[in-house]
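# my questions concern the predicted model and sequence given below.
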Amino acid sequence: MSERVVAVLDGNIVQNVIVVAPDWDGADATHVEYTTGYPAGIGWEYDGTGFVPPKPYPSWVLNDYVWEAPVAMPDDDQSYVWDETSTSWQVID
Amino acid sequence: MATSYPTSLDTFTNPTSSDSLSSPSHSGLHADTADAIEALQAKVGIDSSAVTSSLEYRIAQLEAAGSPIVKVAAFTSSGTWTVPAGVTYAVAHIRGGGGGANFGTSNGGTGGTSSVAFSGGTVSAIGGGGVQTSFTGGTTSGSAPATNSGDGGFLSQLNGDKSGSWKAHSGAYIVAADTVTPAASITVTVGAGGTGNRAGATGYVWIEYQES
């Protein structure tokens, strides 16, 4: 049986992530259960439906609670790192 | 010489074969040893003695109390510990959740904080920090940390001629103790593992206490 996990909020910001008992029924405005499919993390923001992680780069856009680069990373044998200045993927040597 | 036992030890003059009966005084020596023996009997006590200063009484009290039994209340999820009857002191072993390891462009999540809310204050063990792989692409593998170990997630990655391994931090481990009151309710929080492609393990709280 998988664990039941709950985000503890201060306002709409996650302060802690905790495991609760299988029969837990303490959901309220500051205790919101989440799933591994739509996870929560400390410092993430709750929008009333799901949890939004911190934005990694100003140009990235949110898609179904996941931040994505405005340009898709090339799918080849090389490794890349995002360069915000040029808003492009740069090859790591 | 009156006996000074049990406040201090007596010193007797032991006569030699050439001493007369008067020096040291034979009757005096008998009187001194008799006083000392009576003092010893009083200290040891009679059977089932009710004299609280006697050894007989004090040993009986210890036997009646019995040997204390060490018990552990183990929490793998958050909850409340109700202090058992007769328990006035407890030691908590607290482990925060492990950090998550993430592949790609974002960091794994920080593990949750575990804590015990003693009456003297809440003691917390913070979760471990997350990590992310420093390059992308290729193949990734890794194993999940042991359940309720508070261990961090682990990832290894191979892409062309580049390879590496990344291990998120384990949750902090803290031991703390406090006095407790029987029947009191103490809030226990168990931190979750940080999210990621390899999530961290949940922490734990063990509360150790003695029952007679």
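Perfect, thanks for sending it.

# so where's the chain uncertain?
Reading this off chain A. A:1 (pLDDT under 70).

# actually, chain B is the one I wanted.
Flagging of chain B using pLDDT under 70 yields the residue ranges B:212.

# who in it is up against chain A?
Within chain B, the residues that sit near chain A (Cβ under 8 Å from any Cβ of the partner chain) are B:76-79, B:97, B:100, B:105-106, B:109-113, B:127, B:130, B:135-138, B:159-160, B:162, B:189-192, B:194-195, B:199, B:202. C-beta: built from backbone N, CA, C; applies to glycine.

# which of the residues you listed fall within helices?
Judged by DSSP state H, helices contain none of those.

# is it fair to say B:Ser27 lies in a helix?
Yes. Under DSSP: H, G, I helix; E, B strand; the rest coil, B:Ser27 sits within a helix.

# just the buried subset of the residues of chain B next to chain A, written out for ChimeraX, thanks.
Selection of the buried residues among these in ChimeraX, burial being defined by 16 or more other Cβ atoms under 10 Å in any protein chain shown:
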select /B:76,77,78,79,97,100,105,106,109,110,111,112,113,127,130,135,136,137,138,159,189,190,191,192,194,195,199,202
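
# next up, the contacts around the residue nearest to the spatial centre of chain A.
The residue lying closest to the centre of chain A (Cα atoms, centre = their mean) is A:Pro53, at 3.4 Å. By Cβ atoms under 8 Å, 6 or more residues apart in numbering or on different chains, A:Pro53 lies in contact with A:41, A:44, A:65-67, B:106.

# out of the residues of chain B next to chain A, which sit inside strands?
Under the assignment DSSP state E, the residues of chain B next to chain A contribute B:79, B:159, B:162, B:189-191 to strands.

# for the residue nearest to the centre of chain A, give me the backbone phi and psi.
Note on A:Pro53: its backbone torsions stand at phi -70, psi 160 [degrees, to the nearest 10].

# first vs last residue of stretch B:149-156, how far apart are they?
Length of stretch B:149-156, first residue to last, Cα to Cα, to the nearest Å: 20 Å.

# same check on stretch A:25-40?
19 Å.

# can you mark which positions in it are buried?
So, applying 16+ other Cβ under 10 Å, buried residues of stretch A:25-40: A:32, A:34, A:39-40.

# determine the three-state secondary structure at B:His30.
For B:His30, the assignment made with three-state DSSP gives helix.

# and it, how far from chain A?
77 Å (Cβ to the nearest Cβ, to the nearest Å).

# share the number of residues neighbouring residue 50, please.
No chain in the question, so chain A it is. Using other Cβ atoms under 10 Å in any protein chain shown, A:Gly50 has 17 other residues around it.

# my bad, chain B
Residues contacting B:Ala50 under the criterion other Cβ under 10 Å number 10.

# do the same with the one 10 residues further on
When counting by other Cβ under 10 Å, one arrives at 16 neighbours for B:Ala60.

# surely it is in contact with B:Ile46?
No. Taking contacts as Cβ atoms under 8 Å, B:Ala60 lies outside contact range of B:Ile46: 11.8 Å.

# which SS class is B:Thr33?
B:Thr33 - assigned by three-state DSSP - is helix.

# got the residues of chain A near chain B?
Within chain A, the positions adjacent to chain B are A:3-6, A:16-22, A:24, A:36, A:39-43, A:53, A:56, A:67, A:69, A:73, A:75-82, A:92 by Cβ under 8 Å from any Cβ.

# out of those residues, which are buried?
For those, buried by 16+ other Cβ under 10 Å: A:3-6, A:16-21, A:24, A:39-42, A:53, A:56, A:67, A:69, A:73, A:78-80, A:82.

# now, the residues you listed that are in helices?
Short answer: these have none in helices (DSSP H).

# hmm, A:Ile18 is touching A:Glu3, no?
No. Assessed by Cβ under 8 Å, A:Ile18 is found out of contact with A:Glu3, at 9.9 Å.

# overlap of the contact sets of these two?
Residues within reach of A:Ile18 and of A:Glu3 at once, by Cβ under 8 Å, 6+ apart, are B:Ala192.

# what are the ranges of the strands in chain A?
Secondary structure of chain A (DSSP E): strands at A:4-10, A:13-20, A:31-34, A:45-46, A:51-52, A:61-63, A:66-68, A:80-83, A:88-91.
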